[in-house]
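[1] can you look at this prediction? I've put the sequence above it.
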There are 2 protein chains.
Amino acid sequence: VDASSTAFNLDALVEHCKTDFIPHTILIDLTKSWEVAQLHVDWLSKGIHVVTANNLGLSSDLGLYYSIWHQRAETQANYAYEITVGGTMPVIATLNSLHSSGDTIERVEGILSCTMGYVLSKVSPWEGEPMKFSDALVEVHKLGFTESDIMHDISGEDSARKLLILSRDMGLELEMDQIQIEPILDGIQVDHKDIQNSAKQYDEAVAKLSADAKEKGMVLRYVSTIDGSTGACRVGVIKVPISDRLARVTGIVYSVAFYTSRSGSTPMVVQSPAMPSTAGVFSDLIRVARDLGARDTGNPRLKALRRHSFSVELGKKRGPASPKSIGSDKRKKMSCYSEL
Amino acid sequence: VDASSTAFNLDALVEHCKTDFIPHTILIDLTKSWEVAQLHVDWLSKGIHVVTANNLGLSSDLGLYYSIWHQRAETQANYAYEITVGGTMPVIATLNSLHSSGDTIERVEGILSCTMGYVLSKVSPWEGEPMKFSDALVEVHKLGFTESDIMHDISGEDSARKLLILSRDMGLELEMDQIQIEPILDGIQVDHKDIQNSAKQYDEAVAKLSADAKEKGMVLRYVSTIDGSTGACRVGVIKVPISDRLARVTGIVYSVAFYTSRSGSTPMVVQSPAMPSTAGVFSDLIRVARDLGARDTGNPRLKALRRHSFSVELGKKRGPASPKSIGSDKRKKMSCYSEL
């Protein structure tokens, strides 16, 4: 769809969706379109709630970021974007929870591109033989989690956008060009249409980097970091000792560690394999619904169970059994170690 | 405070708190008291919201668990208990999010007692010399994260209660005696008032277990598991290969892994050092407030920043800068590997 027709259809769609007789309208943006991202502010200003997997609204210029924030506060329309950072796992929620409980985030360290995380774990594995760079790229592309142009992953742009959202949510006022981005190799260019052949020329150089690291007991990892105190943000390859937490992160995985003033040197970590983004969008939708007054009445699964298994005696003082303590009979049980 | 006077004062307190002219009352239970836990249902039935760090309401008999759930649904009073499992980190929230997005939890695997997690990581470290069992117990006690009687940690009761809450939230209808609990050593008894001397007698046996595991390239870890399909729950020591994720979990740390039908063999993991429980209680309080209509208007930190840094032009179509892509100048930058 070209830009002009997109805009036209969208305006009509928005008018159609936003009616007076339905109390709440939610628009879900699953595009990667800059044209659509620009409309988020307008939607919010009309009181339309937005659930977005499109990160271009929050990760473009700071002015647009603040516009979104401002309209959100003005109209109390919700803007749910958990899915834009770290897939379905609760990165934004954890950040907010740390903030709201008064903790200070000193450092964020994450594998924000599951594609590059996977590639690096293959070309510089903590055990076993390293894979060729071009083979690893082809493999990860086949798995279907690469960006529409694999250069967005390789160049660091994908990670940088996510890092920008996190840093702004931490209160840092950064633009994209303030993020230090260091690609794997100087001047690297891979053609999305012919990954195997266009990436081949880099195999040797990447293999050498991996071998050099291995000699020192290290592996290469593609890591994004935010220094909370200086505001310095960086995306790039680092060497980590083979025993490090990050060295062991393998697979198509997102991983974010928060070092806070309360956590000290042991970070709070959320880590998850990449999952279908629909799952994250659905969670965000439910979060918005709760925000709009859909009260939390507990686990819906229990509702079904309760029907056939339990009838509560209302108004009657319960004569409860005391909490069962682990008796000596339990303690006496033979200690038994599971076989692996 | 003995039971009768506690009950008396609490009734008066509840009457005092619950007035007609204040729309919402929240009671926060930071006790470890069974007497207080029994009152949760009454509070909920009066429409009083409950934030609880006391896990005895949810981890005693299933009837009480369902009563809490039922009153919650009836009166729409909130019951916030995130802090009861895994300290301040989002375990319950992650479980709910997985559920609500339609995922199926196949297996939960966690270090739910940070005390025992720490002790096992010391007596069976993945590198370096093992510590004496009695010394590790004394050390962890000094750090201040043990239960009021260290036997609650050592016996597995602390882990089992948390596991029970998780399993029930997953829809499994289990009582405490259905959880298989295997203590470190058969018949182990440690006196909280004299940990060092009373634990000394077990040092040799624990050291032998650790050495046996090490011979096979393994370490001992104190792990709680739920098998989602069979409903089997287990708390106890297992051997894990030294390269395993769990082998590397050190410090006073909670760690929970969710294996779901979407995640496959790579679990979703939340991990966090133990933090002051007040932080978790405060997060729960904010969650309740949001549920009661305190709309999410974004990060409060941004509100302060916005004042001096940004004025939005309302009603005016923005002439936005296009999203800054990572230009070739960025890509040309010398690849640089950080020194560690």
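    Arrived safely. Since the model is a prediction, treat every value here as computed from it, not as a measurement.
[2] quick one, strands of chain A?
    Secondary structure of chain A (DSSP state E): strands located at A:26-29, A:49-52, A:79-80, A:105-111, A:180-182, A:218-227, A:233-241, A:253-260, A:268-273.
[3] what's the closest of these to B:Gly236?
    Within the strands of chain A, the stretch nearest B:Gly236 is strand A:268-273; the backing value is 24.2 Å (CB to CB). Every C-beta, even on glycine, is put in place using the N, C-alpha and C of the backbone.
[4] burial count for the nearest residue to A:Gly231 once chain neighbours are set aside?
    Here the nearest residue to A:Gly231 in space, its sequence neighbours aside, is A:Leu172; by CB to CB, 6 or more residues apart in numbering or on different chains that works out to 4.7 Å. Summarising burial for A:Leu172: neighbours were counted as other CB atoms under 10 Å in any protein chain shown, giving 20.
[5] likewise the one 4 residues further on?
    Here the count is done by other CB under 10 Å, and A:Met176 has 22 residues near it.
[6] wait, it sits on A:Ser159?
    No. The pair A:Met176 and A:Ser159 fails to qualify as a contact (CB atoms under 8 Å) at a distance of 11.7 Å.
[7] if we can go back for a sec, give the contact list for the residue nearest to A:Gly231.
    With contacts defined as CB atoms under 8 Å, 6 or more residues apart in numbering or on different chains, the neighbours of A:Leu172 are A:226, A:228, A:231, A:233.
[8] flag the shaky bits of chain A, pLDDT-wise.
    Low-confidence regions of chain A, defined here as pLDDT under 70, cover residues A:1-8, A:293-340.
[9] buried ones in stretch A:145-162?
    Burial within stretch A:145-162, assessed by neighbour count using 16 or more other CB atoms under 10 Å in any protein chain shown, is assigned to A:145-147, A:150-162.
[10] A:Ala199 reaches A:His141, doesn't it?
    No. Under the criterion of CB under 8 Å, A:Ala199 lies out of contact with A:His141, with a separation of 10.1 Å.
[11] tell me which of the two has more neighbours.
    Each of A:Ala199 and A:His141 had its neighbours counted (other CB under 10 Å), and the higher figure belongs to A:Ala199 (23 against 18).
[12] give the closest residue to the more buried one in space, chain neighbours not counted.
    For A:Ala199, the nearest residue in space outside its immediate sequence neighbours is A:Ser134; the separation is 3.8 Å by CB to CB, 6+ apart.
[13] roughly how far does the one you found sit from chain B?
    With the distance defined as CB to the nearest CB, to the nearest Å, A:Ser134 ends up 17 Å from chain B.
[14] what residues are up against that residue?
    Counting by CB under 8 Å, 6+ apart, A:Ser134 touches A:195-197, A:199-200, A:202-203.
[15] ok, back up a step: and of the strands of chain A, who's closest to B:Lys208?
    Between B:Lys208 and the strands of chain A, the shortest gap by CB to CB is with strand A:233-241, which sits at 30.4 Å.
[16] give the buried residues for stretch A:115-131.
    By neighbour count with 16+ other CB under 10 Å, stretch A:115-131 contains the buried residues A:115-126, A:130-131.
[17] is it anywhere near chain B?
    Yes. Contact between stretch A:115-131 and chain B, assessed by CB under 8 Å from any CB of the partner chain, occurs at A:126-127.
[18] can you list the domains in chain A?
    As recorded under the TED database, the domains making up chain A are A:7-88+A:275-293, A:104-274.
[19] not counting sequence-adjacent ones, nearest residue to A:Ile48?
    Skipping the residues right next to it in sequence, A:Ile48 comes nearest to A:Thr25 by CB to CB, 6+ apart, at 4.7 Å.
[20] just give the number of residues close to the one you found.
    Should you count by other CB under 10 Å, A:Thr25 turns out to have 17 residues around it.
[21] quick one, phi psi at it?
    When quoted as degrees, to the nearest 10, the phi and psi of A:Thr25 stand at phi -120, psi 130.
[22] now for it: which residues touch it?
    A:17-19, A:47-49.
[23] do A:Leu143 as well
    By CB under 8 Å, 6+ apart, the contact set of A:Leu143 is A:118, A:252.
[24] quick check: A:Asp61 vs chain B, distance?
    Distance of A:Asp61 to chain B, computed by CB to the nearest CB: 5 Å.
[25] tell me, how many residues neighbour that residue?
    Counted with other CB under 10 Å, A:Asp61 comes out at 16.
[26] next one: A:Gln201
    Here the neighbour count serves as a burial measure; for A:Gln201 (other CB under 10 Å) it reads 14.
[27] next to chain B, which bits of the stretch 1-150 of chain A? Give me the list.
    Residues of the stretch 1-150 of chain A found near chain B (CB under 8 Å from any CB) are A:34, A:37-38, A:41, A:45, A:56, A:59-64, A:66-67, A:69-74, A:76, A:78-79, A:88-90, A:93-94, A:96-97, A:99-103, A:126-127.
[28] buried ones only from the residues you listed, please, as a ChimeraX command.
    To isolate the buried members of the residues of the stretch 1-150 of chain A next to chain B in ChimeraX, using 16+ other CB under 10 Å:
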select /A:34,37,38,41,45,56,59,60,61,62,64,66,67,69,70,71,72,73,78,79,88,89,90,93,94,96,97,99,100,101,103,126
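[29] how about the helices of chain A, start to end?
    Defined through DSSP state H, the helices belonging to chain A, from first to last, are A:3-17, A:34-45, A:56-59, A:62-75, A:91-100, A:114-123, A:133-142, A:150-154, A:157-169, A:195-200, A:203-215, A:277-291, A:300-309, A:328-332.
[30] nearest to A:Tyr222, out of the ones you listed?
    Distances from A:Tyr222 to each of the helices of chain A were compared by CB to CB, and the smallest falls on helix A:114-123, at 4.0 Å.
[31] send the alpha carbons of that closest one over as PDB?
    Output in PDB follows, covering the C-alpha atoms of helix A:114-123 (Å, rounded to 0.1, in the frame of the first residue of the first chain):
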ATOM      1  CA  CYS A 114      16.900 -12.000  19.200                       C
ATOM      2  CA  THR A 115      18.200 -12.300  15.700                       C
ATOM      3  CA  MET A 116      21.700 -11.000  16.500                       C
ATOM      4  CA  GLY A 117      21.700 -12.700  19.800                       C
ATOM      5  CA  TYR A 118      21.200 -16.000  18.000                       C
ATOM      6  CA  VAL A 119      23.800 -15.300  15.300                       C
ATOM      7  CA  LEU A 120      26.400 -14.400  17.800                       C
ATOM      8  CA  SER A 121      25.700 -17.400  20.000                       C
ATOM      9  CA  LYS A 122      26.200 -19.500  16.900                       C
ATOM     10  CA  VAL A 123      29.400 -17.900  15.500                       C
END
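[32] what residues does that helix touch?
    Outside helix A:114-123, the residues touching it (CB under 8 Å, 6+ apart) are A:87, A:111, A:130-133, A:135-137, A:139-140, A:143, A:145-147, A:150, A:153-154, A:156, A:158-159, A:206-207, A:210, A:219-222, A:237, A:249-255, A:273-274.
[33] show me what A:Thr52 is bridged to.
    Partner residues in beta bridges with A:Thr52: A:Asp29, with DSSP bridges as the criterion.
[34] so who does it touch?
    For A:Thr52, the residues meeting the contact criterion (CB under 8 Å, 6+ apart) are A:28-29, A:37, A:40, A:79-81, A:83-84.
[35] grab the nearest non-local neighbour of the residue nearest in space to the middle of chain A.
    Among the residues of chain A, the smallest C-alpha distance to the mean C-alpha position (CA atoms, centre = their mean) belongs to A:Gly86, namely 1.1 Å. In space, not counting the residues next to it along the chain, A:Gly86 is nearest to A:Tyr254; the distance is 4.3 Å by CB to CB, 6+ apart.
[36] for that neighbour, give the beta-bridge partners.
    In this structure, A:Tyr254 has the following beta-bridge partners (DSSP bridges): A:Ser272.
[37] quick check, A:Val91 in contact with A:Asp169.
    No. Using CB under 8 Å, A:Val91 is not in contact with A:Asp169, being 9.5 Å away.
[38] wait, A:Leu285 sits on A:Glu82?
    No. The pair A:Leu285 and A:Glu82 does not pass the contact test of CB under 8 Å, sitting 10.6 Å apart.
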